[in-house]
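Q: sequence and predicted model, in that order:
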Amino acid sequence: MAPNTKTHLGLTHFLLFFLSILTIPSLLLSDSIPTVYEILPQFGLPSGLLPDSVVNYTSSDDGRFVVFLANPCYVQFEYLVYYDKTITGKLSNGSITGLKGIQVQRFFLWLDVDEIRVDLPPSDSIYFQVGLINKKLDLGQFKTVHSCRDKVTGTCAKRIFEITRECGFFELVNHKLCEHDKRVADHLRKWHESLMAEARQCETIVEVEVGKVKVEMEKEVDKVKAEARRCETIVEVEVGKVKVEMGKKADKVKEKMEKQVGKTKAEMDNEIAQYRKEIENGEIKFQVMNMNYLTMLVGSWILFAFYVFFFRYTSKNQHGRRIGRMMLS
């Protein structure tokens, strides 16, 4: 029996379609989870801060992370840097704080790197906080991811680096001196922790005292405000009293002025009436005097005319007779 070609082709297409469906979720999953080297630039940090041997990492919403390396290893930057197998810290914009698992070598001593940060806005510098020392380095050497060496070249060199990373160069000179240095370092660490605890305690005390002062100041402010309101009320009452007193005085003055004006008006009316009477009396007297004057004038003319008439008839003077006729005419 001949094989069915169409059946085989249909089965082949179905298998290819099924395999493509199975591979799609894995592709989407790989695209949806960024690598640690992609996360660092999102926070303004160079991706070369971690070596190429990262196998896994975990992170939380508050920025805390845990990075797992294949093995402890070394990377040579400006200084030799040691990476532990597990690295922890807290990632924020432009910085990594609370860092554990990274050390830097300085003068045969291995020092813990507590914090790494960059400038915002970005610059060409990066800063490593090592204890109380803040070391400024060139940012360019951390832009690319470096290969991590799991050992130092040479048996002697490896032994020196391993010893100095734990104790320092003094382990090679004197073991007792190295132990002493360890005790001194431990004592300094405890002293540092004690100072930090005292600083936190002092900070708490200062915050409490500041809170007390703030409460006392708020109480004083409330007292001042209450006193101001009381004074304002007293001023308003006193102003009201003054207004009432001034109103009373103004009424008295007004009443007094009205009386004075009434009295003055009455006196003026009396004087005007008196003047009118005097004027009327003066007019009557003037009329009487005018009449008396006219009477005297007429009488004088009559007497004069009589005299002239008499002179006319008694005197033989022709001139006198003319005067008498003129007067009578």
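A: Okay, I see it.
Q: so which residues of the stretch 1-150 of the chain form strands?
A: Assigned by DSSP state E, counting those that start in this stretch, the stretch 1-150 of the chain shows strands spanning 54-59, 64-69, 73-76, 80-92, 95-106, 109-112, 115-118, 125-130, 133-138.
Q: identify whichever of those strands lies nearest to residue 200.
A: Ranking these by proximity to residue 200 (CB to CB) places strand 95-106 first, at 15.5 Å. In this view, the C-beta of every residue, glycine as well, is placed from N, C-alpha and C.
Q: in its sheet, what does that closest one sit against?
A: Under the criterion DSSP bridges, strand 95-106 sits next to strand 80-92 (antiparallel), strand 109-112 (antiparallel), strand 115-118 (antiparallel) in its sheet.
Q: show residues contacting the last one.
A: In other words, strand 115-118. By CB atoms under 8 Å, 6 or more residues apart in numbering, the surrounding residues in contact with strand 115-118 are 44-46, 49, 94-99, 125-129, 139.
Q: cool, the first one as well?
A: Strand 80-92 is contacted from outside by 39, 43, 45, 50-51, 53, 59, 62-75, 96-105, 110, 113, 148, 161, 165, using CB under 8 Å, 6+ apart.
Q: what's the ChimeraX line that selects buried ones from the residues you listed?
A: Of the contacts of strand 80-92, the buried ones can be selected in ChimeraX as follows, counting by 16 or more other CB atoms under 10 Å:
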select :45,50,51,53,63,65,67,69,72,73,74,75,96,99,101,102,103,104,105,110,113,148,161,165
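Q: show me the contacts for the residue nearest to residue 102 when sequence neighbours are not counted.
A: Nearest non-adjacent residue to residue 102, counting by CB to CB, 6 or more residues apart in numbering: residue 113, 4.5 Å away. Listed by CB under 8 Å, 6+ apart, the contact set of residue 113 reads 81, 99, 102-104, 128-130.
Q: neighbours around the nearest residue to residue 135 once chain neighbours are set aside, how many?
A: Excluding the flanking residues, the one nearest residue 135 by CB to CB, 6+ apart is residue 128, at 4.7 Å. Neighbourhood size, residue 128 [other CB atoms under 10 Å]: 21.
Q: and the pLDDT for residue 181?
A: pLDDT for residue 181: 63.
Q: please parse this protein into its domains.
A: Annotated domains of the chain cover 32-172, 290-325 [automatic domain parsing].
Q: run the chain-centre distance for the first one.
A: For domain 32-172, the distance between its averaged C-alpha position and the chain's averaged C-alpha position is 41 Å (CA atoms, centre = their mean, to the nearest Å).
Q: any idea of the mean pLDDT for that domain?
A: Mean pLDDT, computed over domain 32-172, is 85.
Q: equivalent analysis for the last one, please.
A: Average pLDDT, domain 290-325: 69.
Q: start the count at 19 instead of 1 going forward.
A: Sure thing, new numbering starts at 19, so read that last one as domain 308-343.
Q: which strand residues bridge the residue nearest to residue 153?
A: Where residue 146 sits in a bridge, its partners, by DSSP bridges, are residue 134, residue 153.
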